[in-house]
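A.B. asks: need a structure here:
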Amino acid sequence: MSLLWKIPKKVGTIGTYKDVAAQSFLKDSGFTNLDSVLNDEQNVPKLIAGRIDLWIVGELQGIYKAKKKGVSDQLEKVLDVKDTQLYIAFSKNTADDVIAKWQKAPDDMKADGTYDAIVKKYM
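C.D. replies: From the prediction side, this is the model:
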């Protein structure tokens with residue numbers, strides 16, 4: 001037997017970035033307690049000041065934005081809401097060799113440590 005679970009929507013206000021996938025995901029999941037902003041960096045001081053209770057943001061983006069505002073030591077990750085992957089889309093007419101070159105670049109960066117060095121620089 002399978003069970004369907006849901007997240008109780010009893011948390012306070014959730015800070016979101018207006019018109020992005022995370023906001024849509026929460027709305028589609030029935031959350032109505034959203035406080036959306038046009039610039040996601042506005043959510044950092046709002047969270048620190050207690051004007052929102054949670055902030056939905058990609059992990060690396062959140063770390064970067066909090067560090068940029070000098071408050072990364074004051075924030076704590078509490079929940080992985082959804083695991084997603086990012087992709088680059090190509091036209092159906094794009095040659096396979098062009099797509100292969102685009103794929104090779106990040107693969108090489110991950111293999112030689114460049115990717116991790118860039119992430120570390122900003123985290």
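A.B. asks: Low-confidence regions, the protein specifically.
C.D. replies: 1-9 (pLDDT under 70).
A.B. asks: And for the closest residue to residue 53 other than its chain neighbours, the neighbour number?
C.D. replies: Distances taken as C-beta to C-beta, 6 or more residues apart in numbering place residue 12 nearest to residue 53, at 3.3 Å, with adjacent residues excluded. All C-beta spots, glycine's among them, are computed from the backbone N, C-alpha and C. By other C-beta atoms under 10 Å, 11 other residues sit near residue 12.
A.B. asks: do residue 62 as well
C.D. replies: Quick note: residue 62 (other C-beta under 10 Å) scores 19 neighbours.
A.B. asks: any idea which element it lies in?
C.D. replies: Residue 62 belongs to helix 59-68 when elements are defined using DSSP states H and E.
A.B. asks: helices or strands next to the helix or strand that comes right after that helix in the packing?
C.D. replies: Moving toward the C-terminus from helix 59-68, the next helix or strand (DSSP H and E) is helix 96-112. For helix 96-112, the elements it packs on are helix 114-122, judged by 3 or more C-beta pairs under 8 Å, 6 or more residues apart in numbering; DSSP states H and E.
A.B. asks: So what angle separates the directions of the helix it packs on and helix 59-68?
C.D. replies: For helix 114-122 against helix 59-68, the angle between stretch directions is 30 degrees (axes from the mean of the first three to the mean of the last three C-alpha atoms, to 10 degrees).
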